[in-house]
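Enquirer: When you get a sec, could you give me coordinates for this:
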Amino acid sequence: MPEEIELSLEADNFFRTLPGIYYPQALVNRYPRIANVIADCRYDRIRLENYFDSLLHDRRPNRQGFPPEVYQDIQNLWDLLFVKGYWDNTL
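Expert: Numbering: from 1, shown residues only. Have a look, this model is predicted:
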């Protein structure tokens with residue numbers, strides 16, 4: 001049986017620096033591995049953009065996708081970091 005992955009302290013600290021409404025609760029609860037990757041690559045804009053692109057636009061066939069609340073968390077993080085400029089102004 002695979003080892004259960006938990007949210008890293010570094011990822012938790014990063015997400016807690018975001019404005020309160022952007023804390024990705026559903027994402028960290030259901031997919032902590034993905035949340036850890038987002039936190040790990042937060043200082044590398046190209047890597048982070050590519051990772052978000054792969055999450056938001058799954059090109060693999062026969063996939064169910066994320067539950068709506070998780071997808072919304074990912075979309076909200078994208079909007080905060082890149083559309084609203086949080087990445088450019090804070091990281």
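Enquirer: Could you list the low-confidence segments of the protein?
Expert: Along the chain, the parts satisfying pLDDT under 70 run over 1-3, 90-91.
Enquirer: if I pick the closest residue to residue 77 other than its chain neighbours, what's in contact with it?
Expert: Sequence neighbours aside, residue 24 is the residue nearest to residue 77 in space, at 5.9 Å (criterion: Cβ to Cβ, 6 or more residues apart in numbering). Every residue, glycine included, has its C-beta placed from N, CA and C. Taking Cβ atoms under 8 Å, 6 or more residues apart in numbering, we find residue 24 in contact with 15, 35, 73, 74, 76, 77.
Enquirer: Residue 82 too?
Expert: Applying Cβ under 8 Å, 6+ apart, the residues contacting residue 82 are 49, 52.
Enquirer: Tell me the secondary structure of it, please.
Expert: helix (DSSP: H, G, I helix; E, B strand; the rest coil).
Enquirer: and the gap between the closest residue to residue 65 other than its chain neighbours and residue 26?
Expert: Spatial nearest neighbour of residue 65, excluding adjacent residues (Cβ to Cβ, 6+ apart): residue 58 at 6.2 Å. For residue 58, the distance to residue 26 equals 17 Å [Cβ to Cβ, to the nearest Å].
Enquirer: who's more crowded, the two?
Expert: Between residue 58 and residue 26, counting by other Cβ atoms under 10 Å, residue 26 is the more crowded of the two (17 against 12).
Enquirer: isn't that one right up against residue 75?
Expert: No - the pair residue 26 / residue 75 is not scored as a contact, 11.5 Å apart, by Cβ atoms under 8 Å.
Enquirer: tell me the phi and psi of residue 42?
Expert: Backbone geometry at residue 42, expressed as degrees, to the nearest 10, gives phi -60, psi -20.
Enquirer: isn't it right next to residue 15, touching?
Expert: No - contact criterion Cβ under 8 Å: residue 42 and residue 15 do not qualify, at 10.0 Å.
Enquirer: List the residues that contact residue 76.
Expert: Residue 76 makes contact with 21, 22, 24, according to Cβ under 8 Å, 6+ apart.
Enquirer: ok, these vs residue 64, which is closest?
Expert: Closest approach between the contacts of residue 76 and residue 64, by Cβ to Cβ: residue 24, at 19.4 Å.
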